[in-house]
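> starting from these lines, generate the structure:
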Amino acid sequence: MLPYKSYLLRAASIAVFLHGLALAQSVSLSTSTATGTPGSTVGITISLATSGGAQPAALEWTIGYSTTDITAVSVTATGSAATANKTVICANGTGTTICILYGMNQTAIGAGAIAQVMLTLSSTTTDSSTNISVTQPMAADANGGSIPATASGAQVSIGRLSANSVTPNSGSGSTQSFSFVFSDAFGASDLSAVQVIVNAVFTGAQACYLSVDVVHSAAYLVNDAGNGLLSPVTLGAANSASNSQCAFNGTGSSLVASGNTLTLNLSFTFQSAFAGSKNVYGYGVDAAGISTGWQTLGSWTVPGTTVSAVSMTPASGTGSTQTFAFAFSDTAGASSLNTVQVLLNSAFTGMQACYIWFDVTHSAAYLVNDASSASLGPLTLGTANSLSNSQCTLNGTGSSVVTSGNTLTLNLAITFQPGFAGAKNAYGDAMAAGGINSGWQTLGSWTVPGTTASAVSVTPASGTGSTQTFAFAFSDTAGASSLSTVQVLLNSAFTGIQSCYIWFDVTHSAAYLVNDASSSSLGPLTLGTANSLSNSQCTLNGTGSSLVASGNTLTLNLAITFQSGFAGTKNVYGDAMAAGGINSGWQTLGSWTVPGGSASVVSVTPASGSGRSQTFSFVFSDTAGASSFNTAQVLINSAFTGVQACYVWFDVVHSAAYLVNDASSGSAGPLTLGSSSSLSNSQCTLNGTGSSAVASGNTLTLNLAIRFKTSFLGSKSVYADAIAAGGIDSGWQTLGSWTVQ
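Sure, this is the predicted structure:
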C-alpha cells in the first residue's frame with residue numbers, strides 16, 4: 001500500500017502535491033461532544049468549515065484517544081462528504097486512528113458534517129470523561145493545491161450514573177410522595193447514596209434537603225443551616241424528622257432496586273413557612289465515589305398560609321376596667337398559631353405600655369414590664385392570679401382563650417392604672433408555625449379615664465410663731481390610697497436649700513426632713529412617736545404629728561418648731577404624687593412668719609482708759625437666748641481693720657478663742673478661756689488666765705485678759721460684733737477707746 005500522504009494525493013488526482021499555497025484559504029475540522037455509559041457505543045461528528053473560498057476534495061486527520069476508556073473506533077463518511085461520493089478509510093493503531101477521506105473524483109467537499117466516529121466505551125472505566133483529539137489535519141483541493149488546515153478535538157462524558165427523573169415533576173401541595181429514579185451502569189446495587197433538594201434556589205441552607213444511605217435504607221434530613229444531619233429515619237418506618245422547611249416521613253417512603261435502576265419513593269410534608277415555587281434537584285453517588293452531579297429534575301409549589309390579627313371587641317370605648325375579645329386567624333387552622341400579642345399605648349412602643357403576649361402552645365400569658373425589656377409571668381388564664389406593671393393589670397379571672405376552626409379568640413380582663421390615663425391605640429399581632437407573622441395591625445382604640453392628684457390646702461394658711469402644727473390636705477380622685485408621696489416646703493423662696501422641707505412616704509407611713517443643702521434626707525420618722533428630726537431651719541416633732549386618710553383626701557398634720565435663725569416671712573408650698581407617677585406639681589398654699597432673734601453688741605467695760613494690760617468685759621445679747629450665739633468678735637486698732645490689729649474671735653458653740661494674725665489672713669488657736677495658755681501676735685497677747693465666757697438668759701459676757709505689745713502704742717478704738725444662729729449678725733459696733741502706753 002502507498003504511504004497515506006501519497007495515497008491522498010493519488011486519490012485527488014493531483015500530480016504535484018505542493019502546487020502553490022493560497023494563504024487566504026483555509027479549512028478547519030471540529031469535533032462534537034457526546035455522553036455515554038460504560039460499555040456503550042457513542043457517536044461523535046467531525047465537521048468541516050471553510051474560509052476564503054477553500055474547497056477541499058480530500059482530507060486526512062489522526063484521532064487520538066485513551067485505550068483505558070475507549071476499546072474500539074470506527075469511522076464512516078457522512079453529510080457533505082457522502083454527498084460528494086467520498087469514502088473514508090482508517091488504519092487503527094494503539095490509541096490512534098489515521099483516516100483519509102477521498103473519492104475517485106474531483107468533487108469538492110462542502111462545509112458541514114463529513115464523518116461519523118463511533119466510540120465503544122470500556123465497561124470497566126471509572127473515568128467520568130475522556131478526551132478525543134483530532135490532529136495532523138491535511139487538505140488538498142481538486143487542482144492539486146494544498147490547503148492550510150486546523151483541527152480540534154472534543155470530550156466524551158462517561159455517564160456511569162444518572163439522576164433520571166422525579167414523578168410528579170411539577171405540581172402543588174403541602175404533602176407529597178415523590179418518586180425519584182436513578183440509574184447505574186453497574187447495577188442499582190452499585191449506588192451508595194442519593195440526595196434530593198427541594199428549594200427555591202440551589203442551596204442546602206433553609207431547604208428541604210434529604211440524604212439517603214442506600215446501603216442501610218436510612219434517610220437523614222439536613223438541618224436548616226445545611227451543615228448537619230438530623231436523626232436517621234428508616235424508610236417505611238413510622239418515624240419522621242423535621243426542619244423549618246419540611247418533615248420527612250418514614251411512612252410512605254421506600255427504596256426499590258431493579259437492574260440498573262433505583263427508585264426512591266420519598267414522602268414529604270412541607271411547612272407553611274416554606275411556601276412558594278421550588279426547584280427539585282437530584283444527586284447520586286456510587287461505591288467508587290463517582291457522582292451524577294446535581295441535576296434539576298422538576299419543580300414544586302408549596303402552598304402558603306396567612307395569619308392575621310382580625311379584630312378587638314369592643315373596638316372603642318372608655319373605662320378603667322374592660323374585658324377585650326381579640327380575634328386572630330390562621331388559614332392553616334388556629335392550632336398553627338404559636339404566639340399572639342396585644343399592645344395598648346398612645347404610641348406604637350412596648351415601653352410604658354399595656355403589652356401582653358400569649359404563648360398558644362403552652363396556654364400561658366405574659367405582661368411585658370415598663371421598660372419593655374422582660375416579661376412578667378406566666379399567667380394561666382381563668383385562674384385567680386394576675387400580672388401588673390405601671391400601666392395595667394392582667395387578671396386571670398375573666399380571661400380565657402377559645403379556638404374554633406381558623407380563629408383564636410383571646411379574652412383579656414384588663415384593669416388600667418390611673419397613671420395610664422388618656423387615649424390609647426390597640427394593636428394586635430399573630431405568629432404561626434414556621435415563623436409566619438401577620439405584622440402589627442391597628443385593631444381599635446380605648447380611652448383610660450384619668451385621675452388628678454392635688455395639694456389642696458394648709459391650715460392655718462397664715463400666721464406667725466416659732467411652733468405650729470400645720471394640717472396639710474392632699475387629694476387624689478382615685479382615692480387617698482393612690483397617693484404615694486406628699487411634700488411640704490417652707491422657705492422665703494422656692495428652694496429646698498436652707499429650708500424646712502419635709503416629705504412623707506404614704507406607702508410606708510414614714511416622714512423625712514431634707515438636710516440644709518437639699519442633698520439628702522434625715523429620717524425616717526414615725527408620726528405620733530416621741531422622736532424628732534432637725535436641720536438648721538426647723539424641727540419636725542413626731543409628737544403632735546399624724547396622718548388621716550378619708551375618701552379621696554389625705555390630711556398630714558405636722559408639728560414643727562422653727563429655729564430662731566430661720567426668722568422671717570416664709571411661703572408654704574405643697575406637692576402630691578400618686579400611683580403611675582401622676583404629680584400635682586408644687587402649689588403655693590399659704591405663708592408663715594417665723595419670729596426672729598435679735599443679736600446685738602451691748603457694751604465693753606471699761607469703755608475707755610489706758611495701760612499695757614487690761615481685762616475687758618464685752619457684753620452681747622440675743623433675744624432668742626444666749627445659746628443662739630455662734631460667734632462673738634472684738635477688734636482693737638487705731639482704724640477699723642483686722643490688719644496689724646488685736647483681733648479676737650470666740651466660737652461660742654465650741655467655747656474656743658482665736659487671735660487673728662498680723663496680716664488678718666489666719667488665726668492662732670484655739671485657746672480655752674481660763675487655761676494657762678495664751679495666744680500672741682505683734683500687737684497683743686490673749687491670756688487664758690483671767691479670761692472667761694458667761695451665758696445668762698439672753699446675755700453672753702466675754703471677759704478677755706489682754707496685754708498689748710510696745711509696738712502697738714497709741715490711741716485705739718474698741719469694736720465688737722456678734723453672729724447668731726441662722727446667720728443673724730449684729731454688725732460691728734464701736735464700744736469705746738483705749739490708749740496703749
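> quick check, central residue of this protein?
Centroid-nearest residue in the chain: Ser373, 9.8 Å away (criterion: C-alpha atoms, centre = their mean).
> dump the residue contacts of that one.
Under the criterion of C-beta atoms under 8 Å, 6 or more residues apart in numbering, the contact list for Ser373 is empty. From N, CA and C alone the C-beta is placed, and that goes for glycine too.
> state the distance from it to Ala225.
In this structure, Ser373 lies at 29 Å from Ala225, with C-beta to C-beta, to the nearest Å as the measure.
> what does Asn541 give?
Taken as C-beta to C-beta, the spacing of Asn541 relative to Ala225 amounts to 73 Å.
> go on, Thr87?
63 Å.
> of those two, which one has the most company?
Between Thr87 and Ala225, Thr87 has the larger neighbour count (other C-beta atoms under 10 Å), namely 14 against 10.
> where does the protein have low pLDDT?
Confidence mapping of the chain against pLDDT under 70 gives the ranges 1-24, 305, 434, 451, 580-581, 596-597, 726-727.
> care to break it down by domain?
Taking automatic domain parsing as the domain assignment, the ranges for the chain are 4-158, 161-302, 314-448, 453-594, 599-740.
> can you say which of these is nearest to Ser308?
domain 314-448 (4.7 Å; C-beta to C-beta).
> what about that closest one, start to end distance?
With C-alpha to C-alpha, to the nearest Å as the measure, domain 314-448 spans 14 Å from end to end.
> mind checking how far that domain is from the chain centre?
When C-alpha coordinates are averaged (C-alpha atoms, centre = their mean, to the nearest Å), domain 314-448 and its chain have centres 23 Å apart.
> repeat for stretch 582-595
If you compare the mean C-alpha spot of stretch 582-595 with that of the full chain, they lie 45 Å apart, counting by C-alpha atoms, centre = their mean.
> now it: buried residues?
Burial within stretch 582-595, assessed by neighbour count using 16 or more other C-beta atoms under 10 Å, is assigned to 582, 584, 587, 589-592, 594.
> ok, stretch 723-736 next?
Burial within stretch 723-736, assessed by neighbour count using 16+ other C-beta under 10 Å, is assigned to 723-726, 728, 730, 733, 735-736.
> which of those fall in strands?
Within these, residues falling in strands by DSSP state E are 723-724, 733, 735-736.
> and those residues, which two are furthest apart?
Of all pairs drawn from those, the greatest distance, 22.7 Å, lies between Ala724 and Gly736 (C-beta to C-beta).
> wouldn't Ala656 be in contact with Thr672 here?
Yes: in terms of C-beta atoms under 8 Å, Ala656 counts as a neighbour of Thr672; the distance is 6.7 Å.
> CA atoms of stretch 548-564 as PDB?
The C-alpha atoms that make up stretch 548-564 are tabulated as PDB, following Å, rounded to 0.1, in the frame of the first residue of the first chain:
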ATOM      1  CA  VAL A 548     -55.500  60.800 108.300                       C
ATOM      2  CA  ALA A 549     -56.900  59.300 105.100                       C
ATOM      3  CA  SER A 550     -60.600  59.700 104.200                       C
ATOM      4  CA  GLY A 551     -62.100  59.000 100.800                       C
ATOM      5  CA  ASN A 552     -60.100  61.000  98.300                       C
ATOM      6  CA  THR A 553     -58.400  63.200 100.900                       C
ATOM      7  CA  LEU A 554     -55.200  62.600 102.900                       C
ATOM      8  CA  THR A 555     -54.500  65.100 105.800                       C
ATOM      9  CA  LEU A 556     -50.900  65.300 107.000                       C
ATOM     10  CA  ASN A 557     -50.600  67.000 110.400                       C
ATOM     11  CA  LEU A 558     -47.100  68.200 111.100                       C
ATOM     12  CA  ALA A 559     -45.900  69.600 114.400                       C
ATOM     13  CA  ILE A 560     -43.000  72.000 113.500                       C
ATOM     14  CA  THR A 561     -40.700  74.100 115.700                       C
ATOM     15  CA  PHE A 562     -38.800  76.700 113.700                       C
ATOM     16  CA  GLN A 563     -35.200  77.600 114.600                       C
ATOM     17  CA  SER A 564     -34.600  81.300 115.500                       C
END
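> got the buried residues for that stretch?
Neighbour counts using 16+ other C-beta under 10 Å place 549, 552, 554-564 of stretch 548-564 among the buried residues.
> now the helices for this structure?
Under the criterion DSSP state H, the chain contains helices at 4-11, 79-83.
> for the last one, output the C-alpha coordinates as PDB.
Listed in PDB are the C-alpha atoms of helix 79-83, where the atom choice follows Å, rounded to 0.1, in the frame of the first residue of the first chain:
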ATOM      1  CA  GLY A  79     -23.100  14.500   5.500                       C
ATOM      2  CA  SER A  80     -21.400  16.600   2.800                       C
ATOM      3  CA  ALA A  81     -18.600  14.000   2.300                       C
ATOM      4  CA  ALA A  82     -21.200  11.300   1.500                       C
ATOM      5  CA  THR A  83     -23.000  13.800  -0.900                       C
END
